[in-house]
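Undergrad: Would you be able to build a 3D model of this:
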Amino acid sequence: QVQLVESGGGLVQAGGSLRLSCAASGSIFSINAMGWYRQAPGKQRELVATISSGGSANYADFVKGRFTISRDNAKNTVYLQMNSLKPEDSNVYYCHAKGRDYWSPADADYWGQGTQVTVSS
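TA: Now for the predicted structure:
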């Protein structure tokens, strides 16, 4: 099994910054794409940013120019630097990884438990 543990959420004023981290651990054979999603109460989970194992990043339009995703493959960790935060960025942010453990024949989707980000106006 692969576990994802997020950290770095919290309360920040509008215009401020936060950095989220997500570390994968367990019986990891390989981790391919990693990313961040967010979900507000009663709404669908939406993509924020993803990054391939080679470092190619993809962003949702609503965070382009404000958020930066990065990863440390040696640590199986993905980061999300969030700048110029807006009240509408307030959500639970979930880490995602596509990979496999030593006993799986194919990649699977793994999710973190979520971390709350609250931006006050």
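Undergrad: Could you use CA atoms for every contact and neighbour count after this?
TA: OK.
Undergrad: What separation do you get for the residue nearest in space to the middle of the chain and Ser104?
TA: In the chain, the centroid-proximal residue (Cα atoms, centre = their mean) is Trp36; its distance is 2.6 Å. Distance of Trp36 to Ser104, computed by Cα to Cα, to the nearest Å: 23 Å.
Undergrad: Quick check: closest non-adjacent residue to Ser52.
TA: Ala33 (4.4 Å; Cα to Cα, 6 or more residues apart in numbering).
Undergrad: my bad, Ser121
TA: Ala14 (5.3 Å).
Undergrad: residue contacts, the one you found?
TA: Ala14 makes contacts with 84-87, 119-121, as judged by Cα atoms under 8 Å, 6 or more residues apart in numbering.
Undergrad: same thing but at 10 Å, please
TA: The contact partners of Ala14, by Cα atoms under 10 Å, 6 or more residues apart in numbering, come to 83-89, 118-121.
Undergrad: Save those residues as a markdown table, and put in secondary structure, neighbour count and pLDDT too.
TA: Output for the contacts of Ala14, formatted as a markdown table (DSSP: H, G, I helix; E, B strand; the rest coil; neighbours: other Cα atoms under 10 Å; pLDDT from 0 to 100):
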| residue | secondary structure | neighbour count | pLDDT |
| --- | --- | --- | --- |
| Asn83 | coil | 17 | 98 |
| Ser84 | coil | 15 | 98 |
| Leu85 | coil | 23 | 98 |
| Lys86 | coil | 18 | 97 |
| Pro87 | helix | 15 | 96 |
| Glu88 | helix | 12 | 94 |
| Asp89 | helix | 20 | 96 |
| Thr118 | strand | 20 | 97 |
| Val119 | strand | 21 | 97 |
| Ser120 | strand | 16 | 97 |
| Ser121 | coil | 11 | 93 |
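Undergrad: which one of the residues you listed sits closest to Lys75?
TA: Using Cα to Cα, Asn83 comes nearest to Lys75 of those, at 23.7 Å.
Undergrad: does the closest one really touch Arg19, like I thought?
TA: Yes: counting by Cα atoms under 10 Å, Asn83 does reach Arg19; the two are 8.6 Å apart.
Undergrad: what is in contact with these two at once?
TA: Contacts common to Asn83 and Arg19, judged by Cα under 10 Å, 6+ apart, are 67-68.
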